[in-house]
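# Take this sequence and fold it.
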Amino acid sequence: MRFDVVEARCRTEEGLIALLNDADGAQVGTLPFVSRHVMQQCPKLKVISRMGGGVDSIDLEAVTELGDSRLQ
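Reported below is the predicted structural model:
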């Protein structure tokens with residue numbers, strides 16, 4: 001198994017989409033919010049992990065409504 005780790009900072013949805021477009025997973029902070037739009041634009045994304053406490057920067061309703069088991 002091979003994977004690359006990229007450390008980056010972005011403050012916009014567009015920047016996040018550009019970073020995650022070909023990613024299998026993401027570990028995110030508080031900004032930017034991981035919205036439904038971001039998830040839909042990143043089809044390979046399987047895992048979203050939140051650094052720190054809570055999941056307030058991830059659209060959990062979108063994860064549930066998309067019915068997508070790849071996002072856990």
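
# residue ranges of the strands in the chain, please?
Using DSSP state E, the strands of the chain run over residues 25-28, 47-50.

# Now tabulate these in TSV and tack on distance to Asp56 and mean neighbour count.
In this view, the C-beta of every residue, glycine as well, is placed from N, C-alpha and C. As requested, those are exported to TSV (distance: least, CB to CB, whole Å; neighbours: other CB atoms under 10 Å):
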stretch	distance to Asp56	mean neighbour count
strand 25-28	11	16
strand 47-50	8	16
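
# Just send those back as CSV, with mean pLDDT and distance to Leu19 too.
Below are these laid out as CSV (pLDDT from 0 to 100; distance: least, CB to CB, whole Å):
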stretch, mean pLDDT, distance to Leu19
strand 25-28, 87, 8
strand 47-50, 82, 13
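
# of all the ones you listed, which lies closest to Leu60?
Relative to Leu60, the nearest member of those by CB to CB is strand 47-50, separated by 9.9 Å.

# In its sheet, which strands sit next to that closest one, and in what direction?
In the sheet, strand 47-50 lines up against strand 25-28 (parallel) (DSSP bridges).

# Which residues does the strand it pairs with contact?
Leu19, Leu20, Val34, Leu45, Lys46, Val47, Ile48, Ser49, Arg50, Met51, Ser57, Ile58 (CB atoms under 8 Å, 6 or more residues apart in numbering).

# Apart from its neighbours in sequence, what residue is nearest the third one?
If I follow you right, that is Val34. Ile58 (4.6 Å; CB to CB, 6 or more residues apart in numbering).

# What residues does that neighbour make contact with?
If you count contacts by CB under 8 Å, 6+ apart, then Ile58 has Val28, Phe33, Val34, Ile48, Arg50 around it.

# So it versus Val38, what's the distance?
As judged by CB to CB, to the nearest Å, Ile58 and Val38 stand 10 Å apart.

# okay, and for the protein, where does confidence drop off?
Filtered on pLDDT under 70, the chain yields the residue ranges 67-72.
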